[in-house]
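In: Pasting the sequence and the predicted model now:
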Amino acid sequence: MTSRPVPHVLSEFQVLADGCPSRPVLDHVTGRWGTLIVLSLHEGPKRFSEIRRAVGGINDKALSQGLRHLERDGLVTRDASDGFPSRVEYALTEVGTGMEARLREMVVYLYEQMPAVLDAQAGYDTRHAPGD
């Protein structure tokens with residue numbers, strides 16, 4: 001099977017090239033928590049605690065760091081309201097909304113393929129059982 005190169009629109013962005021500025025953004029979006037944070041904002045703005053409840057297993061530090069990265073990358077906005085107590089909400093930007101749609105497609109595909117994935121894992125585990 002031959003591999004095809006990663007498609008690109010602008011030649012100055014080559015995600016496979018060392019030092020490409022798109023790499024850290026890809027990492028922020030597809031890293032351990034980035035995808036889940038972005039997906040959690042699908043239905044609209046959420047407060048920090050709402051995102052934390054939506055993303056099972058994430059801790060406050062990881063959520064704060066993930067939101068900061070995504071905000072810096074222009075995928076998420078942080079809106080702090082005036083008043084007491086202040087209310088901070090996070091929402092997807094236009095770019096973030098496009099990214100979320102594509103991530104959601106990937107998740108739907110993953111769900112559809114999970115029976116095959118589970119079969120592959122079981123076969124692998126059988127072939128590579130400890131002590132064999």
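Out: Yep, it's here. These numbers were taken from a predicted model, which means no experiment stands behind them.

In: Cys20 versus the residue positioned nearest the centre of the chain, what's the distance?
Out: The residue lying closest to the centre of the chain (C-alpha atoms, centre = their mean) is Thr35, at 1.4 Å. Thr35 sits at a distance of 20 Å from Cys20 (criterion: C-beta to C-beta, to the nearest Å). C-beta here means a position set from N, CA and C on the backbone, and glycine is covered the same way.

In: and if you look at His28?
Out: 14 Å.

In: Mind telling me what element the closest residue to Asp60 other than its chain neighbours is part of?
Out: Once flanking residues are discounted, Asp60 sits nearest to Arg52: 6.9 Å by C-beta to C-beta, 6 or more residues apart in numbering. Per DSSP states H and E, Arg52 falls inside helix 48-54.

In: which outside residues touch that helix?
Out: 37, 40-41, 46, 58, 60, 63-64, 67, 88, 90 (C-beta atoms under 8 Å, 6 or more residues apart in numbering).

In: Can you mark which positions in that helix are buried?
Out: For helix 48-54, the neighbour count (16 or more other C-beta atoms under 10 Å) marks 51-52, 54 as buried.

In: Would you reformat those residues as a markdown table and include distance to Gln113 and pLDDT?
Out: Shown next, in a markdown table, are the buried residues of helix 48-54 (distance: C-beta to C-beta, whole Å; pLDDT from 0 to 100):
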| residue | distance to Gln113 | pLDDT |
| --- | --- | --- |
| Ile51 | 27 | 98 |
| Arg52 | 29 | 98 |
| Ala54 | 24 | 98 |
